[in-house]
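Engineer: Attaching a predicted model along with its sequence, questions to come.
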Amino acid sequence: MASCDCNAKHVLVADDDENDVFLLGRAFQKAGLSHTLIHVRDGQEAINYLSGKTSQNGDHAKLKLFLLDLKMPLVDGFDVLLWLRTRPEPICLPVVVLSSSSMPDDKNRAKDLGATDYLAKPTGPEELVTLAKGLHDRWLKEE
């Protein structure tokens, strides 16, 4: 997955909270965004997906953005960032950490490990729609 697909329409979301993923999907709909959200429940599933080790990754080449939670079971977001950083073949994909943690140490560590951006999870539905629109404008808009 070394090359970028400019027509990519998929967003990989690594988050163990099903409700957060559901609400994010609703926010994308309310914002009028047609991108498909592909959900993985933990860091190990994310690694498996990105490395082609799952049955659902037929569309992995269509990924445009990776939204990564930090606090997940099994393999956390920091470990995923480390895995991405140490791969022999780089993955051309912006990684935006979307976390409930607002601790500066978490943000700095994520950035040091290669996160493209770090955003706090919104607390309300309108803020989530605003976040979805912002993600679209910054990372998903067609050139």
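Structural biologist: Structure received.

Engineer: Would you map the helices across the protein?
Structural biologist: Applying DSSP state H to the chain gives helices spanning 18-30, 43-50, 77-86, 104-112, 125-135.

Engineer: so can I have a markdown table of those showing mean pLDDT, distance to D69 and mean neighbour count?
Structural biologist: In this view, the C-beta of every residue, glycine as well, is placed from N, C-alpha and C. Listed next are the helices of the chain as a markdown table, based on pLDDT from 0 to 100; distance: least, C-beta to C-beta, whole Å; neighbours: other C-beta atoms under 10 Å:
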| stretch | mean pLDDT | distance to D69 | mean neighbour count |
| --- | --- | --- | --- |
| helix 18-30 | 96 | 8 | 16 |
| helix 43-50 | 94 | 9 | 22 |
| helix 77-86 | 97 | 6 | 19 |
| helix 104-112 | 97 | 11 | 14 |
| helix 125-135 | 96 | 14 | 17 |
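
Engineer: Which one of the ones you listed lies nearest to K64?
Structural biologist: In terms of C-beta to C-beta, the element of these nearest to K64 is helix 125-135, at 9.9 Å.

Engineer: Quick one: distance of the closest one to the chain centre.
Structural biologist: 15 Å (C-alpha atoms, centre = their mean, to the nearest Å).

Engineer: got the CA coordinates for stretch 67-87 in PDB?
Structural biologist: Provided in PDB are the C-alpha atoms of stretch 67-87 (Å, rounded to 0.1, in the frame of the first residue of the first chain):
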ATOM      1  CA  LEU A  67      -8.700   7.400  12.700                       C
ATOM      2  CA  LEU A  68      -7.000   5.900  15.700                       C
ATOM      3  CA  ASP A  69      -8.000   5.700  19.300                       C
ATOM      4  CA  LEU A  70      -5.200   5.400  21.800                       C
ATOM      5  CA  LYS A  71      -6.800   3.500  24.700                       C
ATOM      6  CA  MET A  72      -7.800   0.100  23.300                       C
ATOM      7  CA  PRO A  73      -7.400  -3.500  24.600                       C
ATOM      8  CA  LEU A  74      -4.800  -5.900  23.400                       C
ATOM      9  CA  VAL A  75      -2.700  -3.500  21.300                       C
ATOM     10  CA  ASP A  76      -3.200   0.200  22.000                       C
ATOM     11  CA  GLY A  77      -2.900   3.100  19.600                       C
ATOM     12  CA  PHE A  78       0.600   3.900  20.600                       C
ATOM     13  CA  ASP A  79       1.700   0.400  19.600                       C
ATOM     14  CA  VAL A  80      -0.100   0.800  16.200                       C
ATOM     15  CA  LEU A  81       1.800   4.000  15.600                       C
ATOM     16  CA  LEU A  82       5.100   2.300  16.500                       C
ATOM     17  CA  TRP A  83       4.200  -0.600  14.100                       C
ATOM     18  CA  LEU A  84       3.500   1.900  11.300                       C
ATOM     19  CA  ARG A  85       6.700   3.700  12.000                       C
ATOM     20  CA  THR A  86       8.900   0.600  11.900                       C
ATOM     21  CA  ARG A  87       7.400  -1.100   8.800                       C
END
